[in-house]
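Colleague: how would this look folded up:
(one chain, ligands or ions: 2)
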Amino acid sequence: MGEFRWVLGIESSCDETAVAILEDGKTLAADLVASQISLHQAYGGVVPEIASRRHMETVSLLTEQALTAAGLRPADLDGVAVAKGPGLVGALLVGLNFAKGLAYRLGLPFLGVNHMEGHIYANWLGGEDIPFPLLGLIVSGGHTALLLLEGHGRYRLLGQTRDDAAGEAYDKVARAMGLGYPGGPLIDQLAVTGDASAWPLPQPRLRDDPWGFSFSGLKSAALRLMEQAAARGEAIPPADLAAAFQKAVVDNLTAKTLAAAAAYRVDRILLAGGVAANLGLRERLGEACGARGLELYAPAPRYCTDNAAMIACAGYHRLRAGQRDGWDLNADPALGMVDM
Ligand code: KG4
Ligand code: ZN
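Modeller: Ligands and ions are numbered 1, 2, ... in the order given. Next up, the predicted model:
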């Protein structure tokens, strides 16, 4: 039973309001996610004003429900952690201000967590001992990056995307295909039945930046293929296009990750972020790691996409290390990958 036995985590950076209570940094006593996806679907993407308003309507009730689910009173909590950025500023502020108010009222240690660090810490849920150093591949809707994880809270950014993030490219291609939002899981499902070699797409190439990523060219190539087919009065079978796009993304992510692991002599890979839920990526990277004797860590798919358990987990590790934030902490919509 540690000093931070019960940590409450709050996440509101995009289109999910989430509250979790984590016991001793590893056991989930409550884990609630109120998805807003159906609210935004009609617009084909997240509408920031609608997101903020729904967070406001939801966060307090969800916190009460989390306490009830955990069988705790507010006074039982030992700390409060909240996502402080990156994300939509209005959405972030709702969670941040609520968390501040709660921590202030209860006199609890309070900490803002980088949402991307939260994604990384989804790997520690469940209490597995994961030794450092690790090569981190972080793939979400807003970020794609390779990091060298040297210890708790010690990250070196090796490279990141120059343009679209992997998840963003998935969402844009899915939107052009008329599949809906969010597109990543829909393309992932469709790809299973498609033929990736029927309409091959080019591998993204980046000169002079071995650990950088670029997905906008690949996205444009997919859209061009569709337009050219339409101009001929044809349609590319959606499953084939999904499979071709997924193969190009997954091959690129896998090749860069393995090359970076070899260059930095790291034999453990850590996968995180919404796109880490992708079945094709998990399978391909799993095989490639297996063939080279590398250990692969990935959160359960449900903890790859946005949730509050990961925020509570990252918060737990930092609170335990003595870190605190003041009541003047502000949301930072553009917080960088290694600005923790
Ligand atoms: O990490 P996340 O929940 O939010 C951000 O921090 O951005 O990531 C959301 C992104 C979306 O672009 C979504 O389409 C993508 O993750 N995603 C997937 C899958 N599940 C979610 N992309 C590919 N395959 C999936 N199965
Ligand atoms: Zn996220």
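
Colleague: Show me how far the helix or strand that contains Ser52 is from its chain's centre.
Modeller: For Ser52, the element it lies in under DSSP states H and E is helix 48-70. Between the centre of helix 48-70 and the centre of its chain there are 20 Å (Cα atoms, centre = their mean, to the nearest Å).

Colleague: Looking at the top helix by length along the chain now, give me its mean pLDDT.
Modeller: Identified as the longest helix of the chain according to DSSP state H is helix 238-263. What helix 238-263 shows for mean pLDDT is 98.

Colleague: Just after it, pick out the following helix or strand.
Modeller: By DSSP H and E, the next helix or strand past helix 238-263 is strand 268-272.

Colleague: what comes up buried for the host helix or strand of Leu281?
Modeller: Here Leu281, judged by DSSP H and E, is contained in helix 279-292. For helix 279-292, burial by neighbour count (16 or more other Cβ atoms under 10 Å) applies to 280-282, 284-286, 288-289. Bear in mind the C-beta positions are built from the backbone N, C-alpha and C, glycine included.

Colleague: Closest one of those to ligand 2?
Modeller: If you rank the buried residues of helix 279-292 by distance to ligand 2 using Cβ to the ion, Leu281 comes first, at 15.8 Å.

Colleague: roughly how far apart are that closest one and Ala272?
Modeller: Distance, Leu281 to Ala272, using Cβ to Cβ, to the nearest Å: 12 Å.

Colleague: what sits in contact with each of those two?
Modeller: Counting by Cβ atoms under 8 Å, 6 or more residues apart in numbering, the residues touching both Leu281 and Ala272 are Val139.

Colleague: Contacts only, for Ala196.
Modeller: 240, 243-244, 246-247.

Colleague: Next SSE downstream of the helix holding Leu281?
Modeller: With elements assigned by DSSP H and E, the helix or strand that comes after helix 279-292 is strand 295-297.

Colleague: what does that following strand contact?
Modeller: Outside strand 295-297, the residues within contact range by Cβ under 8 Å, 6+ apart are 123, 128, 130, 134, 267-271, 285-286, 289-290.

Colleague: where in the stretch 151-300 of the chain is pLDDT low?
Modeller: By pLDDT under 70, the stretch 151-300 of the chain contains no weakly predicted segment.

Colleague: Tell me the residue of it that sits nearest ligand 2?
Modeller: Taking Cβ to the ion, the stretch 151-300 of the chain has Gly274 as its residue nearest ligand 2, at 5.7 Å.

Colleague: Determine the set of other helices and strands touching the helix holding Leu281.
Modeller: helix 183-191, helix 238-263, strand 268-272, strand 295-297 (3 or more Cβ pairs under 8 Å, 6 or more residues apart in numbering; DSSP states H and E).
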